[in-house]
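[1] Fold the following for me, if possible:
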Amino acid sequence: MTLDSISGLPIGAERRSIPYADFIRMFEGVDEPTLRRLAMSHIREIAPRFEGTILAQEGMAIAEKDTHADDPHAWIGEVLGLVERTLIAYPPFDADWSIRREALLLLDYPLHVEGGDTWLREVVSFYRRFLSRAVQGIANTSVTEGLRIWKLYNMGFVVKSPRHAIGFDIHPGRAPLDFLNEREQRTLAESLEFSTVSHSHEDHADIGFLRCMLDAGKTVVLPPDTTPELTGDNVLRLRDDYQIPTAINGVKVYSHAGFQADAPNNIYVAEVDGYVISQNGDNADPAYYAQIGERPSIDVLLANCWSGMNEYAAATNPRLLITGHENELEHGITHRVPFKNTFGNLDRLELAPPWRSGGPQVAILACGECLNWVREMGIVLR
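    Predicted coordinates:
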């Protein structure tokens, strides 16, 4: 397979998403010294394009410091800190997307290290800071117009409207990647009306958080055979329920059947305060997206970055596309999908920011980030 040296895409690639077997090779066999060198080279390459910004000024200082560093792992925390400060300075709702793109691409390097004490300490600290801010924001934010959408870990999302707050595939991380503590999980559960689970795989269905939801008297929505030990009136099991919606506290929820390998995977559509939102979990069969495309236009698509994202968007024609499932840390390196894959797929459709005229808006977020979106205005300031 011949790859374009800039995008990492197969030369001559067309509309379809990057095949699974292609993206998993992007960082296959790349050791930490090589990742370190690539990260510093990336910083030095982009700094002249962003002169006067955090990414350039602090980045060059980090690259220079790295040439004299005694600790071969110190670069991990340095790069994660640089990415964090850049993303805070350029948030999704008021962003220079060219800078955000480079910050997210830099994030791929430390997140593809094969573990170690320094890696674990720095990565867990990075995620905890972002996700702790997100939990507090979800608990304390009042939405007066449109939607506020948070991307949590992996395929986890929270959507808040003036009257509702719902979750999709929320996962707090498992030890040693325990990003949300029990108190934060309880706070999050108290903030939501219900949360859906797309399928049974452990990076989507977290029994601990689901029990937090039920203990708080909240509803969980799952496929029929997912975590069968959960029972009670607040456990709703849906499968091919897309013609007649299930009403939960005034939110209409539709479930379209889908699959990932041998696991039934629900594709959810929710109507929230007049907005239509869909999340696809890990669905690997794009044929099911035609059903969703028959509905009135989707406002927000919460799309798995590697599982037929382009086909999902093409079939449903959303107004806003937000990607998920980048850098799932419990996956091995060869299955840990980088932001490079996300941007590559979107570039092929000319959907990556800045967006093509007439196409949907697209937001690529780090875990813990959020944005505000109003149908008539798009992404808006807080």
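[2] Tell me the secondary structure at Ile322.
    strand (DSSP: H, G, I helix; E, B strand; the rest coil).
[3] how close does it sit to Asp299?
    To Asp299, Ile322 is 11 Å away according to CB to CB, to the nearest Å. No exception for glycine: its C-beta is placed from N, CA and C like everyone else's.
[4] Counting neighbours, go ahead and name the busier of these two.
    Using other CB atoms under 10 Å, the more surrounded residue of Ile322 and Asp299 is Ile322, with 24 against 20.
[5] Would you mind measuring from the nearest residue to that one once chain neighbours are set aside to Val220?
    Nearest residue to Ile322, sequence neighbours excluded (CB to CB, 6 or more residues apart in numbering): Ala363, at 4.9 Å. From Ala363 over to Val220 the distance is 27 Å, taken as CB to CB.
[6] Was I right to think Gly59 contacts Gly81?
    No - counting by CB atoms under 8 Å, Gly59 does not reach Gly81; the two are 10.7 Å apart.
[7] More neighbours: which of those two?
    Gly59 (27 against 15).
[8] Please name the residues that touch that one.
    The contact partners of Gly59, by CB atoms under 8 Å, 6 or more residues apart in numbering, come to Ile43, Ile46, Ala47, Leu82.
[9] okay, Ala363 and Val220: which has more neighbours?
    Val220 (27 against 23).
[10] For my notes, confirm that one occurs in a strand.
    Yes - under three-state DSSP, Val220 sits within a strand.
[11] Count the residues that sit near Ser41.
    Ser41: 12 surrounding residues under other CB under 10 Å.
[12] From Pro72, how far off is it?
    Here the distance between Ser41 and Pro72 works out to 16 Å (CB to CB).
[13] do the same with Ala61
    19 Å.
[14] Glu202 now?
    32 Å.
[15] Kindly report the same for Ala103.
    Note on Ala103: its distance to Pro72, by CB to CB, is 23 Å.
[16] Neighbour count: those two, which is higher?
    Counted by other CB under 10 Å, Ala103 and Pro72 do not tie: Ala103 has more neighbours, with 24 against 12.
[17] and the nearest residue to that one once chain neighbours are set aside, what pLDDT?
    Closest residue in space to Ala103, ignoring its immediate chain neighbours: Thr86 at 4.2 Å, by CB to CB, 6+ apart. Per-residue pLDDT puts Thr86 at 96.
[18] Point me to the helix or strand that includes Thr86.
    In the assignment (DSSP states H and E), Thr86 maps to helix 74-89.
[19] what packs against that helix?
    Helix 74-89 sits against helix 32-46, helix 54-66, helix 97-111, helix 117-140, with contacts defined as 3 or more CB pairs under 8 Å, 6 or more residues apart in numbering; DSSP states H and E.
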